[in-house]
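**Q** missing the sequence, but the structure's below:
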């Protein structure tokens, strides 16, 4: 079956198959979602209005057997930032879509008010069936019911209760290998874009035949081998390595030690209590509870940084507790208890909320006096406000900046309306340059300067050095390319340090596409993706003045290093020079 | 006493007197507040954060005996738009300040959390006294208590309950001649800027000596006479003229007739029911009830478009029901009952809310399903949610865009975050150009194209003609100058049509300042004010893409004329050409 694009018209409830235009042939993942959004969505469109679109696209290598190739991008105009958004996830759903030969799904138009549909993908395209029975239901339960009704082998993308409200912090949940709603295109509110079209779920069963076409099998195989070898060798990604053993939460102690782990709404960068929620502590607990460690989020993964966290008695499995989620719902709220964090995370997965944004939201509500820092019990009650769609729930589900405004708070850790991840940019300047300048709003994955600044991976950079424009730019280019490839970003640790790994990535991409790209071409390709996104944002009303961190980080010193964010605006502007 | 600037340091609770710098000598009102904000507030500052400032400045002729010279400007960075804001009002407080020889009051810094102060102006400057006893009290009651405690002759500026929450739709209330809180710097949330400094009230007693210095009495007197003559002659402003007889609500029937009176959240431009809330109807009711018609909002007024609206039994006087307020809280919410509108307006005045923004907020909440269009009873209950500072109240008090987001609405009639006034820009294009391009966010007073487009004042323009860049620009320049002069904008009707009136304005300004400005100089001066404001907004992150109307107005035809807003972006950009 030739690769194709599915266009889902929610006005008329029709699914059409389209040939892949030549200009999209060599694109995948983020490159493809961003290009389609730039081509088809008016930049000044209201994110929940009739002209916005939601685009899903697996990466170029997604669905092949290459290691860690299980990523899918979702894209659209973000209700959270007002700019272009790409948010990718590792999930078996990605492979399901890719192996059907689907290059992209474009969801457009809006169903009648209060009508919701489930898009069932099948051999002939897909059909839309009534999904109203799942309105107001948590996603763990909904996914389970969908599996019961449509079979155990289906993979699902779903919009949750938060999305039903049109809330700006509504993500898109995907099935994990156990069928739970723990994998996310979390950031930027794309769940609300989905639900505002009237689309509640997309469901795909993996076909018997793999329809991913590999144009040059030889080059592909060669590349795959090189990449697998690099991943197996690198300290961060190897079996029994840091990610394998402790998951991403291995960073809790490391970043706390560096003085850059924000606590209590970015009030200090270090607290001894953080050890209570470290990766080491978590691994120990999982062992005791009989959860699963060293778990794959999607079929082809060999890094296995995922896990299954449960309650103390082994009940109510959550899925993975990522470092970012643990931090956001934990230390940043003054909460140092993994069980509370686990329940908060489960509530986010269940309601369809991004954990980073939600943790920041709670922290800002704490600063605004709605509850006290550290009050995990009350924090859990707040999740029920969202579940019940109360007015308070509507405030919280709209994210950090919104909640800050509702409670009159002026210390709001956002860029372009999106809340910051688990690294304070004051003592780690490079990540701050990425937060400020990526088209995505504050986003660590857009250009992960933490690797060279703290981990010594991909070179070494002094975290306090303010000359970080060049570093962030290179990382953002590489990331845009990786986000388009279908590979998990975590391969970056290995390929930044091991040249053969980098070659492996480029070889597999060339193998699939039948192209002859060099490493330099790939970086250039990343730059093009970024420029497409920047151009959209510019037309949406962004200027270089939006490439800035919030005021309080330039004024307020962060303990223990007692530093402000002092990267000059000129250095920030040097990233784009436009 | 020489003119001076008062600097109120809320960090240290000190009031300092400063000499007026030469560069500010010839500025007043909007020109002065905008210049001080541009000079002293970092454009990226958080509006509620420590670096924002609130500036009050009477106009150049305020406090002289010239007709309609009772205006005061308030300025700062707006929590509603994120840009610069000037919001002016006619109030006896203006004269009180001006006659003390105060050129401007600059309020900066922030008092300790939860502490609130009253600034008592006196001969030696002023002092800050504890004002916490008025927290949570409605402004009608608070102003009354302040009069009881400090004397009947004091004039007051106050921040209300909405401002205590840091809400973006919190205005600054001023005393009317009866001492009620019915005069407003309503737009843009400056009340929240005030309260976030810890300032609850400013109180001034008019001094025995008038300290407004008139450098050239002869020229001033000459000008005053010319202006008074023009105002007395022009159909709109004369005694027994339209404004005198029916107040500003005379426009209800006129704009409804034109098809440009938005009803039910900008869904149609005309409805026969609007006659129920017309100026004619209101005047009739006021007569019956024994309220006051043809009332001055401030001492020097000779137009007298104000009034005192009361309940049917003559109780609970509101103050004026302006056209904009009647429309916003009435037809735009599908409410066609003056008593309900009166109560809603009283609640806005009492809570410290801008009526235009509040009416739009209710209408958008209606569209989002919180209540039905036309449900005045429920609308009144919503005002109590704000009074009680509930979560729903916090949503509503943050304005139209915020409420739309909370309820997932995509038809939001705002520009730069500020809700539109009572003229739909689809059948009246020129006012749309003003909404789009003024630095203030959607604001009719910024360049009142309605005069030539509908009223045939200041020339005639076809409301459907899309070539309105030049028209709006000229009006914006003239308005910026008038807003700086201290004159009420309503003098514009007379001075646009009667050359002698225009000369009178320039003469009185020259008389006060001892200058020799020409009419052309004054327009040039207006342009400079606008450029200062534009430059601030640019540094705050605005681009020309923000000079646009919301998407739905370009897509959705407005009955009865069934037209969209089709002014090309190039025409909008022609206003500023930068």
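**A** Yep, that arrived. Note that this is a predicted model, so its numbers are computed, not measured.
**Q** show me the contacts for residue A:470.
**A** Each residue near residue A:470 by C-beta atoms under 8 Å, 6 or more residues apart in numbering or on different chains is listed here: residue A:574. Bear in mind the C-beta positions are built from the backbone N, C-alpha and C, glycine included.
**Q** a strand runs through it, doesn't it?
**A** No. Assigned with DSSP: H, G, I helix; E, B strand; the rest coil, residue A:470 falls outside any strand and is helix.
**Q** Could I get the pLDDT score of it?
**A** Looking at residue A:470, its pLDDT reads 97.
**Q** separation between it and chain B?
**A** Taking C-beta to the nearest C-beta, to the nearest Å as the measure, residue A:470 and chain B are separated by 24 Å.
**Q** Equivalent analysis for residue A:330, please.
**A** Taking C-beta to the nearest C-beta as the measure, residue A:330 falls 25 Å from chain B.
**Q** count of neighbours near the residue in the stretch 301-450 of chain A that chain B sits nearest to?
**A** Nearest residue of the stretch 301-450 of chain A to chain B (C-beta to the nearest C-beta) works out as residue A:408 at 2.4 Å. Residue A:408: 22 surrounding residues under other C-beta atoms under 10 Å in any protein chain shown.
**Q** The residue of the stretch 151-300 of chain A found nearest chain B: what secondary structure?
**A** Per C-beta to the nearest C-beta, residue A:166 is where the stretch 151-300 of chain A lies closest to chain B, at 2.4 Å. Put simply, residue A:166 is coil when judged by three-state DSSP.
**Q** Give me the nearest residue to it, chain neighbours excluded.
**A** The shortest distance from residue A:166 to any non-neighbouring residue, by C-beta to C-beta, 6 or more residues apart in numbering or on different chains, is to residue B:408 (2.4 Å).
**Q** tell me the contacts of that neighbour?
**A** Residue B:408 sits next to A:48, A:165-167, A:192, A:196, B:368 when contact means C-beta under 8 Å, 6+ apart.
**Q** picking up where we left off before, and the residue of the stretch 301-450 of chain A closest to chain B, what's its pLDDT?
**A** On the pLDDT scale, residue A:408 is placed at 97.
**Q** how close does it sit to residue B:221?
**A** Distance, residue A:408 to residue B:221, by C-beta to C-beta, to the nearest Å: 49 Å.
**Q** again, but for residue A:343
**A** Residue A:343 is 77 Å from residue B:221, by C-beta to C-beta.
**Q** of these two, who's got more company?
**A** Shown here are residue A:343 and residue B:221; by other C-beta under 10 Å, residue A:343 has more neighbours (19 against 16).
**Q** what about that one, which SS state?
**A** Assignment for residue A:343 (three-state DSSP): helix.
**Q** and it, what pLDDT?
**A** So, for residue A:343, pLDDT stands at 98.
**Q** Enumerate the residues of the stretch 351-500 of chain A near chain B.
**A** A:390-392, A:394-395, A:398, A:402, A:405-412 (C-beta under 8 Å from any C-beta of the partner chain).
**Q** If any of these are buried, put those into a ChimeraX selection.
**A** Written as a ChimeraX command, the selection of buried residues from these, which uses 16 or more other C-beta atoms under 10 Å in any protein chain shown, is:
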select /A:391,392,394,395,398,402,405,406,407,408,409,410,411,412
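**Q** As a check, name the ranges of all strands in the stretch 251-400 of chain A.
**A** A:292-295, A:306-308 (DSSP state E, counting those that start in this stretch).
**Q** In the shortest one, which residues are buried?
**A** Read that as strand A:306-308. Across strand A:306-308, burial judged by 16+ other C-beta under 10 Å covers A:306-308.
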